[in-house]
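1. generate a structure from the sequence data that follows.
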Amino acid sequence: MVEAAKNVKLAVFDVDGVLTDGTLTYSANGEEIKHFNVKDGVGIKLLQEFDVEVAVISAKTSAPLKKRLVDLNVRHAFLACKDKLSALSTLAEELGVKLEEIAYCGDDVIDLKVMQKVGLAICPSDAYGLVKECSDVVTQAAGGQGVAREVCDYILSSRMSLEEAYRKAMLPEFEEIKKRS
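-> As a prediction, the model looks like this:
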């Protein structure tokens with residue numbers, strides 16, 4: 001699977017159960033509250049620094065998610081998406097990326113149609129059993145506990161040493177959001 005990771009041009013993440021632990025929390029006013037792992041953000045930004053496109057495809061949408069995507073400069077987001085495979089196919093065509101050049105990380109049966117089509121299917125350690133069976137890689141981390149960082153490290157380490165990759169993350173300007181065209 002390391003060879004598949006080397007060829008990844010687009011990394012796609014589900015949200016609930018991957019970037020979050022899947023818990024739904026609501027404020028007294030009924031606003032949804034999401035908890036994101038800051039370590040995931042470093043990995044996502046590093047992938048972008050090394051010219052790997054990043055996308056999010058989620059069956060839900062929320063203000064916290066939209067804010068997190070802006071913070072990470074994730075330009076490709078399909079929120080409240082009912083047909084993830086169609087959304088991914090459209091994005092792949094737009095970017096000129098083949099399905100086998102895509103890594104997708106999901107955790108539940110809604111993700112299976114996509115995971116069966118991409119070059120590298122990944123899931124968190126606490127994913128639904130059938131999803132684990134269909135995955136090329138199962139992370140050590142559970143959903144919301146650094147899954148995306150682990151995925152990013154896996155892709156980056158297939159191309160270079162992580163020490164080399166993380167040199168960029170140690171630069172002061174790394175925390176500045178770079179707007180990409």
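2. ok, which stretches of this structure are strands?
-> 10-13, 25-26, 32-33, 53-57, 76-78, 102-105, 120-123, 137-138 (DSSP state E).
3. can you give me the pLDDT of residue 180?
-> With respect to pLDDT, residue 180 scores 46.
4. hmm, back to that, turn the strands of the chain into a markdown table, columns for mean pLDDT.
-> Shown next, in a markdown table, are these (pLDDT from 0 to 100):
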| stretch | mean pLDDT |
| --- | --- |
| strand 10-13 | 98 |
| strand 25-26 | 91 |
| strand 32-33 | 90 |
| strand 53-57 | 98 |
| strand 76-78 | 98 |
| strand 102-105 | 98 |
| strand 120-123 | 98 |
| strand 137-138 | 98 |
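5. export those strands to JSON lines and tack on mean neighbour count and distance to residue 175?
-> Just so you know, the C-beta spots here come from the backbone N, C-alpha and C atoms, and that holds for glycine as well. Listed next are the strands of the chain as JSON lines, based on neighbours: other Cβ atoms under 10 Å; distance: least, Cβ to Cβ, whole Å:
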{"stretch": "strand 10-13", "mean neighbour count": "25", "distance to residue 175": "21"}
{"stretch": "strand 25-26", "mean neighbour count": "10", "distance to residue 175": "27"}
{"stretch": "strand 32-33", "mean neighbour count": "13", "distance to residue 175": "24"}
{"stretch": "strand 53-57", "mean neighbour count": "22", "distance to residue 175": "17"}
{"stretch": "strand 76-78", "mean neighbour count": "19", "distance to residue 175": "21"}
{"stretch": "strand 102-105", "mean neighbour count": "28", "distance to residue 175": "24"}
{"stretch": "strand 120-123", "mean neighbour count": "28", "distance to residue 175": "26"}
{"stretch": "strand 137-138", "mean neighbour count": "16", "distance to residue 175": "29"}
